[in-house]
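Enquirer: sequence first, predicted model second:
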Amino acid sequence: MSDTILRMRGITKTFPGVKALQDVNLEVRRGEIHSICGENGAGKSTLMKVLSGVYPHGTYEGDIEYEGDICRFSGIRDSEHRGIVIIHQELALASNLSIAENIFLGNEQAKRGWIDWNKTNAAADALLRRVGLSERSVTPVIELGVGKQQLVEIAKALSKEVKLLILDEPTAALNDEDSAHLLDLLRGLRDEGITCVIISHKLNEVMGISDRVTILRDGKTIWTEETANLTEEKIISGMVGRDMDHRYPEHTPTIGEEALRIEDWTVYSPTQPDRALVRNVNLTLRRGEIVGLAGLMGAGRTELAMSVFGRSYGINISGRLIKDGKEIKARSVREAIDHGIAYATEDRKRYGLNLIEDIKRNVSAAGLSKLASGGWVDGNEERRVADEFRSSMNIKAPSVESVVGKLSGGNQQKVVLSKWIFTDPDVLILDEPTRGIDVGAKYEIYTIINRLADEGKAILVISSELPELLGICDRIYTLSAGRITGEVPRAEATQESLMTLMTKEVQEVAP
Amino acid sequence: MTAAPVQTGKGPAAPPADKAPRKVNFDLKESGIFIAFAITIVVFTILTEGVLLSPQNLSNIIVQQSYILVLAIGMVLIIIAGHIDLSVGSVVAAAGALAAVMMVDMNIPWPLAVLITLVFGAVVGAWQGYWVAYFGIPAFIVTLAGMLLFRAVTYAILGNQGIGPFPEAVRSLANGFLPGFLGNVGLGTLGGADLFSIIAGVVVVVAMAFVQYRTRAGRIRYNQAVDPAWLFLLKVILPAVIVIFLVVQLARFRNLPWVLVLLAVLVVGYTLVTNRAVFGRQIYAVGGNLQAATLSGVKVKSVVFWLFVNMGVLSALAGIIFAGRLNLAGPTAGNSFELDAIAAAFIGGAAVQGGVGRVVGAITGGLIMAVINNGMGLMGATKPQQVMLVKGLVLLAAVAFDVYSKRRAAGAK
């Protein structure tokens, strides 16, 4: 453990409207396991994408020095050529191909264009033994569990003569046994001289496996420290600590009647029907109150929200919804909207907006029946409504006929909010309402949320940013592995206490 | 609410200077199809030395292409929703066969037979719509199967022979002209023309202008930005000139073709549905972003299902027109009509990914192909491969333009 294999210096990466990375520095020593920790959206994955050439040279500022050379990767092939391999959180395997085919995908063992299957399978078998996977190399990947697929990814990386292996949340989808095996394997690879960079939310694993830890927060490097000198509490405070002055508008809530009660709510995964994503959740929303839902990636926040919103996600959903004291059945999105529930999605571009249409048609999309009589839409009224939202929500666009895809993230979010406010809901579920938008627009969104609460709506805010929840919510639930692990009034909540509750389940089951 | 800048109709017809009202952004993508149509016409008018625009030839173009245009209307809606229908050619044949058996062999009165045929089309559409919307099979597969299935149905109905002739009423829907209700009127050097047709043309022009004026007035009342007066006038006068020219030419030949009247009604009706009806909006929402539409409470499956029902009905209608025009229902009728209808929709600006497209665009796309067909025929290019070559290149160019402009728009972000 002596020389430095990687030095990233002054990395700055900007997306339209957001600075994802700001002057980030990272030093990784040869042969160490280096963990990168940070909240969702802190810039970890972006940094790794810069390193691996997913964001090619020229789209960011700063230098990457790798094995003594300044590298200018123009794509992932360049970086892999130098022995840098990234394994993404969503595994990138072709599920119908065999293990061997996957391992050598894009790197086929061929002679004059014809694949040498004996060589391919034999080489794959050797790699599988190295990662401790006792499957035959001709087995289709689709027959393997997630844990074994992860090992196939690592075997694939080894086939490329990896020197620096990057793993993005490698154990997020694994059970304890598979996680333990994976971590053992990584220790073994370290002993063979392979350097690992791990992005992880599981702090016990970080403490257990890494030699050093780097903290990212809001796109900046906070510190790098030897694990021996660290505690989980210190990592948590590094991840969350930041100034909270004047980032949230003042708000005194007027809390009224209970608007929605979720009782004993359980949801199963549509792809793995035996896996419960949300388990026996009980949750209460009151009029005029802003309630937060905190949880790490994969805790089941979005799954909970979408299943409540007209069962738009999940299967075998059980539990009761009580709206204004009466049990309701919201079996479709339409019914949910008719019952006064609105859900503004997490990924507004994929799920929230029709990007090729203009503002007015997006604003009216969920409440079109309010503008129509006999099936015909009143176009003038639609324009008037959209124009009203444009001024009341301060949507910055030349007209309501501007195409939504060309607006900034903050303005797009305002269009999404307008759409749901127009349906006149009693309960508004806002999933990551400020993700990917700049600080100024965030403040505006918070002001709008406060205004909606003052109008007597019950609001549930799902957010990965704890300061945001602490800044705007009156009460916060924490969710971990599909269960509610805490309910804390704002006055009693701190980032540290929330983070502890959010990681509770994970730490309980740790060995 | 602060008033948006408004240019009232009273102002001078000069282009506005600094108080620019609605930015006159010349949307190439929106207008491109019409410019292409104009160029096609000009080119072929020159190449055919004016024969293209002669009264009889104009009438021919419309009548020859009418059934493709009917199909293109349904097809563009399906494409906007992000699907495709390959079966329409076979459905055209099956519907024609069914209508022929009922009218010719069974002597069922033609109005009833037409009605039953349209219902048959609806059932066919419901069948395919079920598999696409509710069962979740890609439309490409379902309608590819339908293409074979309904061709088989046609053969089952007809055997290996054609059935005809059709009753007079059905023939005249496809081939015939309105009777000259009011006799002829002299147009100086242009000779005689049907007065009723000309009056109908004038009524259409006035109606178009009125609707445009009312839309504008409505926007002004709601404090919305509007086009400057000169552009507004241009948008009123240009189509008016074209319609009057078309009508006068047609009136000089025989009267208005019945299919033109039918097409006009369909175009107006479906344009209204796509622009103003809740259902029309939902088509665009489904095609633009399926997940967003679902999460906005749009009953996505039902929308897709009814689109296929609609396509089935229009295919049956096209089948009746086509059979009536040939005066014969044959087992190979409608071969490759689906490709012409799909090409019309794409040339007319529909996007391959869905979410974009217009009825008027598809009609224009269909007419561009009709003009190419007709014009090349007039020039003596009778070999099918020559026409197909040109049509193929036009289709490729149109979609290439669409992809290119989208890439540019994405790059500009």
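Expert: Thanks, I have the structure now. Numbering: from 1, shown residues only, chains lettered A, B, ... in the order given.
Enquirer: which ones are touching residue A:83?
Expert: The neighbours of residue A:83, taking Cβ atoms under 8 Å, 6 or more residues apart in numbering or on different chains as the test, are A:160, A:161, A:162, A:163, A:164. Yep, even glycine has a C-beta here, placed from its N, CA and C like the rest.
Enquirer: please tell me how far it sits from chain B.
Expert: 33 Å (Cβ to the nearest Cβ, to the nearest Å).
Enquirer: what's around the residue nearest to that residue when sequence neighbours are not counted, how many residues?
Expert: Computed as Cβ to Cβ, 6 or more residues apart in numbering or on different chains, the closest residue to residue A:83 that is not its neighbour in sequence is residue A:163, at 3.4 Å. Neighbourhood size, residue A:163 [other Cβ atoms under 10 Å in any protein chain shown]: 18.
Enquirer: for residue A:163, list the residues it contacts.
Expert: Contact analysis of residue A:163 by Cβ under 8 Å, 6+ apart lists A:5, A:67, A:82, A:83, A:84, A:194, A:195.
Enquirer: let's see that with 7 Å instead.
Expert: For residue A:163, the contacting residues are A:83, A:194, A:195, by Cβ atoms under 7 Å, 6 or more residues apart in numbering or on different chains.
Enquirer: just checking, the second one touches residue A:162?
Expert: Yes - counting by Cβ atoms under 7 Å, residue A:194 does reach residue A:162; the two are 6.1 Å apart.
Enquirer: tell me the one among the contacts of residue A:83 nearest to residue B:170.
Expert: Nearest to residue B:170, judged by Cβ to Cβ, of these is residue A:160 at 70.1 Å.
Enquirer: surely that closest one is in contact with residue A:82?
Expert: No - judged on Cβ under 7 Å, residue A:160 makes no contact with residue A:82 at a distance of 10.1 Å.
Enquirer: hmm, back to that, please dump the contacts of residue A:163 into a markdown table; it should also carry secondary structure and pLDDT for every row.
Expert: Output for the contacts of residue A:163, formatted as a markdown table (DSSP: H, G, I helix; E, B strand; the rest coil; pLDDT from 0 to 100):
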| residue | secondary structure | pLDDT |
| --- | --- | --- |
| A:83 | coil | 91 |
| A:194 | coil | 93 |
| A:195 | strand | 94 |
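Enquirer: rewinding a little: give me the buried subset of the contacts of residue A:83.
Expert: The neighbour count (16 or more other Cβ atoms under 10 Å in any protein chain shown) marks A:160, A:162, A:163, A:164 as buried among those.
Enquirer: inside strands: which ones of these?
Expert: Counted as lying in strands by DSSP state E, out of the buried ones among the contacts of residue A:83, are residue A:164.
Enquirer: so which of the buried ones among the contacts of residue A:83 comes closest to chain B?
Expert: Using Cβ to the nearest Cβ, residue A:160 is the member of the buried ones among the contacts of residue A:83 that lies nearest chain B, at 32.1 Å.
Enquirer: tell me the phi and psi of that closest one?
Expert: As for residue A:160, its main-chain torsions (degrees, to the nearest 10) stand at phi -90, psi 10.
Enquirer: near chain A, which residues of the stretch 101-250 of chain B?
Expert: Counting by Cβ under 7 Å from any Cβ of the partner chain, the stretch 101-250 of chain B comes close to chain A at B:218, B:219, B:222, B:224, B:225.
Enquirer: what pLDDT does the model give the closest residue to chain A within the stretch 51-200 of chain B?
Expert: Nearest residue of the stretch 51-200 of chain B to chain A (Cβ to the nearest Cβ) works out as residue B:80 at 11.0 Å. At residue B:80, the pLDDT value in this model is 96.
Enquirer: contact partners for it?
Expert: Applying Cβ under 7 Å, 6+ apart, we find residue B:80 in contact with B:283, B:284, B:287, B:350, B:354, B:355, B:356, B:357.
Enquirer: now do it against residue B:142, distance only.
Expert: Using Cβ to Cβ, to the nearest Å, one obtains 18 Å as the distance from residue B:80 to residue B:142.
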